[in-house]
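Asks: Need a 3D model of the following:
(2 chains)
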Amino acid sequence: MKKSLLKLASVIGASALVLAGCAEAPNTTPGEPTAAVSPTDATSMAPSDSAAPAADFKACMVSDAGGFDDKSFNETAYAGLTRAKEELKVDTGQIESNAESDFAPNVQSMISADCDIVVTVGFALAAATEAAAKQNPDVKFAIVDNGSFPVSEGSTELVPNAKGLIFNTAESSFLGGYLAASMSQTGKVGTFGGAKYPTVTIFMDGFAQGVAHFNEVKGKSVQVIGWDAEKQDGQFVPGNDPFGNIDGGKNTANTLIAQGADIIFPVAGPAGLGGLQAAQASGGKVNAIWVDTDGCISAAEFCPSIVSSVYKGMDIAVFDAIKAAMDGDFTAEPYVGTLENGGTGLSEFHDFDGKVSAETKSELDKLKADIIAGTIKITSKAQPS
Amino acid sequence: MSEELVEEKMMPATPAPVPARAPASRRWVSLVVTLISFVLAFVTGAIVMVVADPEVLGKFAYFFNAPGDALGASWDKISTAYSALLRGSVGSWLAITETTAQAAPLICAGLGVALAFRAGLFNIGAQGQAIWGAIFGAWIGFTIKGLPWFIHIPIALALAMVFGALWGAIAGFLKAKTGAHEVIVTIMLNYIALYMLQFLLTTPMLQQPGRSDPISSVVEFSATMPRLAGTRLTLGFFIALAAAVAVWWLLERTTLGFRIRAVGLNPHAAATAGMSVSRTTIVAMAIAGSLAGLAGAQAVLTPTLLTGFPTQLSLGIVGTVGFDAITVALLGRSRPLGVVLAGLLFGALKAGGLTMAAEAQTPSDLTNLIQALIVLFVAAPAFVLWLVPGLREKRPGADITAKAATA
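Replies: Below you'll find the model as predicted:
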């Protein structure tokens, strides 16, 4: 038995060396990475090479549940960090959270890892981020989907080293809803969320209102399934980890499809991919509108089923916050992404460019202008004030 | 009776792995096998680390031209990761207390699984039992106000244990009275507990007022486990140690413990000797459930270092404690002291794993991988003995493989 093991090991070892060992050593000049990796491609791999950072500055990120490769929420924010690493040559660090109980230890671990700025992704990390900001005045913090923190309850003064990055995605989802209604053949559109978080329902509110606006203008009666804006209740992915539950997302989407929806608007991070799978399986009858980032880029295999995406420019906001912290002009003033400043909006139509009528396209442009001008009011309670 | 016979066939390898006293030589081999398992697990982990990193692996392509490149990069990678693991688990006083904090719930739930093992029961339901413990521990924690801590905490723990015990007893009852297999029943009860938590988190009973997402209020300060300032060493760790002593005393020094062990070793013999197998089964599952419930309470009452208050009750609150507990009980060979040591080891891996992920940027899955490998090697001693032949040849004649397999 001993011999058999040794034999096995030597055969494997020898063949590995023969097969792999004779390649040419590259002429490496340290510092310059050989190939620039696009942010979305680089996000799936965790180990980060510390390729000779030019600046002595470390930017770090703590994810929300779902992980940095969720093709959506966390991944978009993470793209901002990756861009900072490439363009600003900062050192980076990141850690993924899987549950509520990970948040505080993970934020703590990033402080212990000597980060100069810690970006926390998601309002669920607010308590941990606020405590960390107050205890570590030398470290900068930025939190996605949460406002800046007042120094004390009711105070207007902000904790000086923490910046909120928030997005009024009700505006862009309004456009998404209008687009969905115009594309629907069955007269029914569906949406579902990962969980009933305000940052999720804001999309669903805007979407429902966009559909309602379409009905009002066109005299149609397209129905929204999966979200009742009046009751503030609707369809959510089940399970312990709803945002990570792709099968659950698929089942939820199929429920909506069974009820007649032919445009699906999943607001559920990776679980939303289940919705894209359901749309793809329909063979063109059902299509989807993606969220957070351009789905044709982040989940390119589903592009033929994606009409458009309601993007949320977290990558830009994160990058700007890191850059500001590095350049020394960091402020606690919250960033609010809107249609007006391009912090949120509709992505390109890609494969659907020819299928969306020119009429709809011009109507969407008009709506966008109206929302910016304030002539169309969006009433979601989840909007940042 | 017939049902039990059927079951015996279904699951020939009943748990309760250790007979009362193993001979010294066999225990020695068992210890060596455990230690070698660690080494093998870490070595395999190191290989995975190298293989999983394209940059390091790329250097192996020109191994013969510049072997230093590949070996140096591999060494850097491995040493950075494992030194972070050490630093995060035992490298400082704070790290050691983090280890104890991570270990406390693992020890409690591990004791629950171990105790059931000793009664011949596979308690896969520690997860569900811990969820009930967390629900009621937190509920008492944030609904009752104005109590001093030395009253508030015991009430929260007691209720958590009662509901954990009830959840365990359901499985025990179904097993004892209907013959339903406890593995199936406890797994299903895990789901029921999880979905009950999910449901209750949307009701006013648990949901924090003003929040629309499933999360509870913060527990009162009086229900928060007292801690040594600036560390993670809390009362909870000492409660876990006390629970281990209590389980040891129960198993080794009481008639109930004797019955549990007797039923675990041979239910037919125990029945013939006049013991009630079904009652012992129910009681054993209830005690196991109460210990897992205690683990759940630990999860909702132990303050985090950063915020100073415990994690609010939410969906993933107990993590995977119920499943980790099974590995802890297996590694601890179902003995209280073993469970404490295994719990500390896994606590250290969890604490160090976080540092490894944060500072060495190693995927946190890797610590889970190492845990799984340790258990795999420990559970397959014959494999370890085959890998390390010297161990066999030094002790000729004895059928060590077979004996170690039972140890």
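
Asks: got the residues of the stretch 151-300 of chain A near chain B?
Replies: A:Ala195, A:Lys196, A:Tyr197, A:Pro198, A:Thr201, A:Gln232, A:Pro238, A:Asn240, A:Asp241, A:Pro242 (CB under 8 Å from any CB of the partner chain). The C-beta positions use only the backbone N, C-alpha and C, and glycine is treated the same way.

Asks: Specify the local secondary structure of the residue nearest to the third one when sequence neighbours are not counted.
Replies: Looking back up the chat, that one is A:Tyr197. In space, and not counting its chain neighbours, A:Tyr197 is closest to B:Asp213: 4.7 Å by CB to CB, 6 or more residues apart in numbering or on different chains. With DSSP: H, G, I helix; E, B strand; the rest coil as the basis, B:Asp213 sits in coil.

Asks: quick one: B:Asp213 and A:Lys196 touch, right?
Replies: Yes. If you go by CB atoms under 8 Å, B:Asp213 and A:Lys196 touch, sitting 5.8 Å apart.

Asks: related to what we said a few turns ago, mind listing what the residue nearest to A:Tyr197 touches?
Replies: Contacts for B:Asp213 (CB atoms under 8 Å, 6 or more residues apart in numbering or on different chains) come out as A:Ala124, A:Ala195, A:Lys196, A:Tyr197, A:Pro198.

Asks: Same list (the residues you listed) but as JSON lines, adding neighbour count and pLDDT.
Replies: Shown next, in JSON lines, are these (neighbours: other CB atoms under 10 Å in any protein chain shown; pLDDT from 0 to 100):
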{"residue": "A:Ala124", "neighbour count": "24", "pLDDT": "88"}
{"residue": "A:Ala195", "neighbour count": "25", "pLDDT": "86"}
{"residue": "A:Lys196", "neighbour count": "18", "pLDDT": "85"}
{"residue": "A:Tyr197", "neighbour count": "23", "pLDDT": "85"}
{"residue": "A:Pro198", "neighbour count": "18", "pLDDT": "87"}
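
Asks: between those, which is closest to B:Ala180?
Replies: Distance to B:Ala180, by CB to CB, is smallest for A:Ala195 among the contacts of B:Asp213, at 33.8 Å.

Asks: Am I right that the closest one sits in a strand?
Replies: No. A:Ala195: not assigned to a strand; according to three-state DSSP it is coil.

Asks: What residues does the stretch 51-200 of chain B have near chain A?
Replies: Counting by CB under 8 Å from any CB, the stretch 51-200 of chain B comes close to chain A at B:52-55, B:60-66, B:69, B:194, B:198.

Asks: Can you give me the neighbour number for A:Gly147?
Replies: Using other CB atoms under 10 Å in any protein chain shown, A:Gly147 is surrounded by 19 other residues.

Asks: same thing with A:Gln223?
Replies: Number of residues near A:Gln223 (other CB under 10 Å) recorded here: 17.

Asks: circling back: find me the pLDDT at the residue nearest to A:Tyr197, would you?
Replies: As summarised for this prediction, B:Asp213 has a pLDDT of 77.

Asks: again, but for A:Cys296
Replies: Per-residue pLDDT puts A:Cys296 at 93.

Asks: what's in contact with the host helix or strand of it?
Replies: Per DSSP states H and E: A:Cys296 is located in helix A:295-298. Applying CB under 8 Å, 6+ apart, the contact partners of helix A:295-298 are A:40, A:71-72, A:75-76, A:276, A:288, A:290, A:302-303, A:306, A:309, A:347-348, A:350-351.

Asks: with these in mind, which one is nearest to A:Ile95?
Replies: A:Glu75 (15.0 Å).

Asks: I figured the closest one was touching A:Phe68, is that so?
Replies: Yes. Under the criterion of CB under 8 Å, A:Glu75 makes contact with A:Phe68 at 5.9 Å.

Asks: In chain B, what residue comes closest to chain A?
Replies: Of all residues in chain B, B:Gly316 sits closest to chain A, at 2.9 Å by CB to the nearest CB.

Asks: quick one on the thing from earlier: now find how far off-centre the helix holding A:Cys296 is within its chain.
Replies: Its chain's average C-alpha position is 11 Å from that of helix A:295-298, according to CA atoms, centre = their mean, to the nearest Å.

Asks: likewise stretch A:376-385?
Replies: Per CA atoms, centre = their mean, the centroid offset for stretch A:376-385 relative to its chain is 20 Å.

Asks: which SS class is A:Ala59?
Replies: A:Ala59, by the three-state scheme (three-state DSSP), is strand.

Asks: Pull out the buried residues from the helix or strand in which A:Asp247 is found.
Replies: Element membership for A:Asp247, per DSSP H and E: helix A:246-258. Residues of helix A:246-258 classed as buried: A:Ile246, A:Gly248, A:Gly249, A:Lys250, A:Asn251, A:Thr252, A:Ala253, A:Asn254, A:Thr255, A:Leu256, A:Ile257 (neighbour count, 16 or more other CB atoms under 10 Å in any protein chain shown).

Asks: ok, so of those residues, who is nearest A:Ile225?
Replies: Of these, the one sitting nearest to A:Ile225 (CB to CB) turns out to be A:Leu256, at 5.4 Å.

Asks: Pull the contacting residues for residue 196.
Replies: This is for chain A. Contacts for A:Lys196 (CB under 8 Å, 6+ apart) come out as A:Asp233, A:Phe236, B:Thr202, B:Ser212, B:Asp213, B:Pro214.

Asks: actually it's chain B I care about, not the one you picked
Replies: Going by CB under 8 Å, 6+ apart, the list of residues near B:Met196 reads B:Ile131, B:Ile135.

Asks: again with A:Asp64
Replies: A:Asp64 is in contact with A:Phe73, A:Asn74, A:Ser97, A:Val121, A:Gly122, A:Ala124, A:Leu125, A:Phe243, counting by CB under 8 Å, 6+ apart.

Asks: A:Val237 now?
Replies: Applying CB under 8 Å, 6+ apart, we find A:Val237 in contact with A:Phe192, A:Gly193, A:Gly194, A:Ala195, A:Phe243, A:Asn245, A:Gly248, A:Gly249, A:Thr252, A:Ala268, A:Ala271, A:Gly274.

Asks: Now the two most distant members of those.
Replies: A:Ala195 and A:Gly274 (14.6 Å).

Asks: Settle this for me: B:Val113 is touching B:Ala325, isn't it.
Replies: Yes. B:Val113 is within contact range of B:Ala325, at 4.7 Å (criterion: CB under 8 Å).

Asks: Let me know whether A:Lys323 touches A:Val90 as I believe.
Replies: No. Judged on CB under 8 Å, A:Lys323 makes no contact with A:Val90 at a distance of 9.2 Å.

Asks: Now the common contact residues for the two.
Replies: Common neighbours of A:Lys323 and A:Val90, counting by CB under 8 Å, 6+ apart, are A:Ala84.

Asks: the more surrounded of these two?
Replies: Comparing A:Lys323 with A:Val90 by other CB under 10 Å, the one with more neighbours is A:Val90, at 23 against 19.

Asks: Can you classify A:Ala131 as helix, strand or coil?
Replies: helix.

Asks: Surely it is in contact with B:Thr307?
Replies: Yes. Here A:Ala131 reaches B:Thr307: they are 4.4 Å apart, a contact under CB under 8 Å.
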